[in-house]
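> Below is the structure, and that's it, no one-letter string:
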């Protein structure tokens, strides 16, 4: 029998704003860079988590979106993370490349290099919530709701996880597009490819000045 | 539930351009790691496993692939050779998964905005070269990518999304990754020595491979992926868990899915990068899983660490070990240097093999365990 799963919460960070379950959670039209934008969301969440400041921007936005999904939620250790994006960790890859391009000014650093893998974002979220579960980071041209949903459902169907956070976290040259959903067996909107595509595509009636 | 058969494979590496050539070199305990003194790769000389440029060029010329990047040449060669030796395999009807950590990252040195540096340039290349209907899926999950991709292939087959999946894995030796591992002071000043007392770090390598995973077997004696699991340590982004938690849980879950106890495992193909912390962590995880008596090796002493390709190559070698009833000495090993007494293979052995455990661990705290079983129909 086909089991049914539900989108309990979803979070989007796009067009200079943060949305939770379709409602505006935070707006910021003044920050002119991703670092300040992320810091503003961190402050709004009233988090005290010094590791946040060490993260690269891909990790920061992944972490913040997951914090918004998990606000007031009971944490389940067996929550899988299934993320995808287009640019992998290229923003930080370029930073690391800059440290080795000039033989006269050669300064590669472990603190940057460690973030040249996209799945580090999954590690950061796992550490924060003590998720001892499945992680997978996929790379596609664009958000593929059908693939992400099928893979997440497969993890739930085969008892490889009891909950899943899945979605799209893409950062590239000051552009950003973040969309995460929290899938459970019990409550929320029943997940379908159509539903997932629609809530991902919702632009909440705003177009970013920076887009 | 459908079975996931590992039907056929190709390895493109410094040890050869077919799986059989690679196995023959392993049988003679020949390593691909040599001293490299190319300043385009690193400022100082280092030990690494690199495919000879002239050999790759010769083969790429023969297959008309010279227009592609180095990694794309290696991946396309792997897939073309896999299709050549399996006329019944139609890539237009299969799922395709590509495992890589850094793809064409070497292109960033030429152009910081290079389109080729996007990992999607690999899936676009494979898609257009073979005129596929569906774009291949890319998995980039640090050093477990190749093994996790085999698990993903099995899951897709069991969910009946595809009857056949081709898993491609590859990473190249680049100044990008070398400089990073050197900055971590994690590169060995001699060919790496997994699980040894005097190990000081990794040797890096490059390779590509292709593996056909199928719901249908093609031989009477075949190898099936019967269990897989991947669990995060939830401990540290660049250091492994001191208790081996994620690896231990991965092994436990994979054994459970395969419906066997640890006593049923005949041989372990371990990750064994030869960094002090990694190998120590693995010994603790194997101890917790009651696997200390099981013969084990690491292939990093032969290939170096080939990042996104490594766990795929090791799965392929494990398949051949099962079919040939043989295991290989853990190259570079001398005196045991981990706190739990794992049984490291000091020489090659002919021994009956029914089930193999293959593991990998990586940055981000990720781990994967795969159980391969030989089945005689």
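Received, thanks. If you're wondering where the values come from, they're calculated on a predicted model, not measured in any experiment.
> if I read this right, residue B:318 contacts residue B:355, doesn't it?
No: Residue B:318 sits out of contact with residue B:355 when judged by Cβ atoms under 8 Å, with a separation of 10.0 Å. Yep, even glycine has a C-beta here, placed from its N, CA and C like the rest.
> for the lengthiest strand in chain B, which positions count as buried?
Ranked by number of residues, the top strand in chain B under DSSP state E is strand B:366-376. Counting neighbours by 16 or more other Cβ atoms under 10 Å in any protein chain shown, one finds that the buried residues in strand B:366-376 are B:366, B:367, B:368, B:369, B:370, B:371, B:372, B:373, B:374.
> so what's the fifth one bridging to?
Just to be clear, that refers to residue B:370. The bridge-partner assignment for residue B:370, based on DSSP bridges, gives residue B:228, residue B:358.
> what's the burial count for the residue of the stretch 251-377 of chain B found nearest chain A?
Among the residues of the stretch 251-377 of chain B, residue B:364 lies nearest to chain A; the distance is 3.4 Å by Cβ to the nearest Cβ. Burial of residue B:364 is recorded as 28 neighbouring residues (other Cβ atoms under 10 Å in any protein chain shown).
> for residue A:17, same thing?
By other Cβ under 10 Å, the burial measure for residue A:17, its neighbour count, is 18.
> Mean pLDDT per element in chain A, and the minimum belongs to which helix or strand?
Within chain A, judged by mean pLDDT, DSSP states H and E, the helix or strand with the poorest mean is strand A:189-190; its value is a mean of 82.
> Name the residue of the stretch 51-200 of chain B that lies nearest to chain A.
Taking Cβ to the nearest Cβ, chain A has its nearest neighbour within the stretch 51-200 of chain B at residue B:180, 3.5 Å off.
> contacting residues around the residue nearest to that residue when sequence neighbours are not counted?
Of all residues beyond its chain neighbours, the one nearest residue B:180 is residue A:113 (3.5 Å), with distances taken as Cβ to Cβ, 6 or more residues apart in numbering or on different chains. For residue A:113, the set of contacting residues under the criterion of Cβ atoms under 8 Å, 6 or more residues apart in numbering or on different chains consists of A:96, B:179, B:180, B:183, B:184.
> go with 7 Å
Residue A:113 makes contacts with A:96, B:180, B:183, B:184, as judged by Cβ atoms under 7 Å, 6 or more residues apart in numbering or on different chains.
> Check residue B:81 too.
Under the criterion of Cβ under 7 Å, 6+ apart, the contact partners of residue B:81 comprise B:10, B:18.
> can you pull the pLDDT of it?
As summarised for this prediction, residue B:81 has a pLDDT of 98.
> any idea how far it lies from residue B:108?
29 Å (Cβ to Cβ, to the nearest Å).
> Nearest to residue B:124 among the contacts of residue A:113?
If you rank the contacts of residue A:113 by distance to residue B:124 using Cβ to Cβ, residue A:96 comes first, at 23.9 Å.
> quick one: is stretch A:49-66 near chain B?
No: with Cβ under 7 Å from any Cβ of the partner chain as the criterion, chain B is not reached by stretch A:49-66; the gap is at least 8.6 Å.
> for that stretch, the distance to its chain's centre please.
Relative to the centre of its chain, stretch A:49-66 is centred 10 Å away, using Cα atoms, centre = their mean, to the nearest Å.
> same check, this time on stretch B:20-31
Relative to the mean C-alpha coordinate of its chain, stretch B:20-31 is positioned 16 Å out (Cα atoms, centre = their mean).
> where does chain A dip in pLDDT?
Counting by pLDDT under 70, the low-confidence segments of chain A come to A:1-3, A:206-211.
> Nearest residue to the middle of it?
For chain A, the residue nearest the mean C-alpha position is residue A:62 (3.1 Å; Cα atoms, centre = their mean).
> That residue - nearest residue in space that isn't next to it in sequence?
Distance criterion Cβ to Cβ, 6+ apart; nearest residue to residue A:62, sequence neighbours excluded, is residue A:121 at 3.8 Å.
> ok, then the element right after the host helix or strand of that neighbour?
The secondary structure element spanning residue A:121 is helix A:120-129 (assigned by DSSP states H and E). Scanning forward in sequence from helix A:120-129, with DSSP H and E defining helices and strands, the next element found is strand A:135-139.
> hmm, the helix or strand just after that next one in reach of chain B?
Using DSSP H and E, the next helix or strand after strand A:135-139 towards the C-terminus is helix A:145-157. Yes: where contact is defined by Cβ under 7 Å from any Cβ, part of helix A:145-157 touches chain B, namely A:147, A:150, A:154.
> export those residues to CSV and tack on neighbour count?
Shown next, in CSV, are the residues of helix A:145-157 next to chain B (neighbours: other Cβ atoms under 10 Å in any protein chain shown):
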residue, neighbour count
A:147, 19
A:150, 16
A:154, 19
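> what ranges do the helices span in chain A?
In chain order, chain A shows helices spanning A:34-44, A:57-70, A:90-101, A:110-113, A:120-129, A:145-157, A:193-201, with DSSP state H as the criterion.
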